[in-house]
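J.: One predicted model, sequence on top.
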Amino acid sequence: MSSVDIEYLISGNYAAFMLLGGLLVMMYAYRDVHLPASKTFVLIAVVLFTMFAAHSIENWAALSMDRWDTRIAASILHYVLQPFIIYLELVVLIPPHFGRLQRALFSVPLIFNTVVYISAPFTGRLVFWYDENYSFSRGPLGPTIYIVTFFYLGQLLYYAAKSFHDKNKRMSLVLLFVAGVAILTGFIEGRDIAPGHIDEAFVLGVFLFYMYLVTVHERDVEEDLIIKELELSKIELRLLKQQIRPHFVFNSLQIINSLIHSDPNKAARCLEDFSDYLRANLEVLKSDTLVSFDMELENIEAYVSLALADESKGIDVVYDIKETLFNLPALSIEPLMENAIIHAIAGGTTVTLSTSSDASSYIVTVKDDGSGFETGGTKQEKERRGMGVENVRTRIEKQCNGTVDIKSDSDGTVVTVRIPKE
């Protein structure tokens, strides 16, 4: 192969290949964006590369009549693939509710153009041919490539207008540019004003369209994240309202107030416990990190001290702590102790908090000898039970892959929390 041949192979579509390389680099750089149309754009890139290669081979084959068959094959491949690029861009835009029949009808012009050009070698001068001077000539069916391409470009203009009508002006502007550049390039190439640039126009349009979709997708992801954060904030506020119960706060303050005169030392201890209780409940929402069981135990003891400051309730809390060297979500056991004390007050005398371990997990058990509870009840009762326990269950599962198991009958309730050691 001579140096002239190599020059034609390299220079024929050099700019188009460079633009395609830029598109591939951007697709790789944004591979983690998970664009819904990623697979379609990979196919577009493959088709573009094949079309450019065919065009370069076609130019190379035009240098010698000995390459007649190669030139015909390359020309057919190039003209078959050219409208396929616009068709694939439209596939990204086709509404999801389009059925198979509608999609099939949409591909008919593409199939027709493919059949026409593949049949070119067998139909004489009906599609295209090369004369005795090896010059390219187009037959009566030759313009199908332009008709089909402009049909799909017209569809792009339709979606541009529709996007403008739907007040999506950015999408409208991008589609107008993609279609407009292809139409303008086709016009000036047909008039021999500036031939040989149609491939660059196609890849430039694809590049711009891809980057627009990536930008829109990232914006949508950010908006979804903001919405989820707002929803999470609402959940946290509901959790805070549930966790810091006004009735308990008021009762604690009343107890402290009554103890100021009768037992100042005990009042001071209750005030310290009350301060610890509020601090723990307020700070739990500021961090998703796990805390040591020792810290959780301090919060539990602060709550128990306040809850049982009124000794007339007659409830004993027993601590059977065998394991402390593990972490868990803050205020995940304290709500279970609250429930257990409430159940015990309703019909029992003892609440037991114990920790232990086995080969795979640390085990925290909260047990009371109250009357238990049914899964039914009023809506308010279900929400009151579910809000605390279900929040605990969700946090245990999500933050440390643990489990919460509840068993309740007439002899009392046992809640078992398992925290994996790994």
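T.: That came through, no problem. Residues are numbered from 1 along each chain as shown.

J.: just to confirm, which helix or strand has Ala74 in it?
T.: When elements are assigned from DSSP states H and E, Ala74 belongs to helix 68-93.

J.: Asn59 now?
T.: helix 38-61.

J.: tell me the contacts of Arg67?
T.: When the contact criterion is Cβ atoms under 8 Å, 6 or more residues apart in numbering, the partners of Arg67 are 60-61. For the C-beta atoms, the positions are set from N, CA and C on the backbone; glycine is no exception.

J.: and the gap between it and Met18?
T.: In this view, Arg67 and Met18 are 26 Å apart by Cβ to Cβ, to the nearest Å.

J.: cool, and Leu331?
T.: Counting by Cβ to Cβ, the gap from Leu331 to Met18 is 59 Å.

J.: quick one, which of those two is more surrounded?
T.: Neighbour tally, Leu331 and Met18, criterion other Cβ atoms under 10 Å: the higher count belongs to Leu331, 22 against 12.

J.: pretty sure that one is in a helix, no?
T.: No: the assignment for Leu331 by DSSP: H, G, I helix; E, B strand; the rest coil gives coil, which leaves it out of any helix.

J.: Surely it touches Glu298?
T.: No: when contacts are counted by Cβ atoms under 8 Å, Leu331 is not listed as touching Glu298 (11.3 Å).

J.: returning to what we had before: would you mark the buried spots in the helix holding Ala74?
T.: 71-90, 92-93 (16 or more other Cβ atoms under 10 Å).

J.: Ok, stretch 340-356 next?
T.: Burial within stretch 340-356, assessed by neighbour count using 16+ other Cβ under 10 Å, is assigned to 340-345, 348, 350-355.

J.: swap in stretch 352-368?
T.: 352-355, 357, 361-368.

J.: Strands of the chain, start to end?
T.: 128-130, 136-138, 290-292, 316-321, 327-329, 350-357, 361-368, 403-409, 412-420 (DSSP state E).

J.: So which of those is nearest Asp224?
T.: strand 327-329 (25.3 Å; Cβ to Cβ).

J.: got the contact list for that closest one?
T.: 290-293, 296, 364, 392, 395-396, 399-400, 402, 417, 419.

J.: Okay, helices next: where are they in the stretch 201-350 of the chain?
T.: With helices called from DSSP state H, counting those that start in this stretch, the stretch 201-350 of the chain shows them at 246-262, 264-283, 293-307, 334-347.

J.: As TSV, these with distance to Ser163 would be great.
T.: Conversion of the helices of the stretch 201-350 of the chain to TSV gives the following (distance: least, Cβ to Cβ, whole Å):
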stretch	distance to Ser163
helix 246-262	52
helix 264-283	48
helix 293-307	55
helix 334-347	51
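
J.: For these, which has the smallest mean pLDDT value?
T.: Summarising mean pLDDT across the helices of the stretch 201-350 of the chain, the least confident stretch is helix 246-262, with a mean of 74.

J.: Low-confidence bits of the protein, can you list those?
T.: 1-12, 95-97, 190-192, 194-196, 232-248, 251, 280-288, 310-312, 374-388 (pLDDT under 70).

J.: residue furthest from the geometric center of it?
T.: Computed with Cα atoms, centre = their mean, the maximum C-alpha offset from the centroid of the chain is found at Ser262, amounting to 60.6 Å.

J.: In TSV: the strands of the chain, plus distance to Asp273.
T.: Compiled in TSV, these are given as follows (distance: least, Cβ to Cβ, whole Å):
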stretch	distance to Asp273
strand 128-130	92
strand 136-138	93
strand 290-292	18
strand 316-321	13
strand 327-329	21
strand 350-357	16
strand 361-368	19
strand 403-409	26
strand 412-420	23
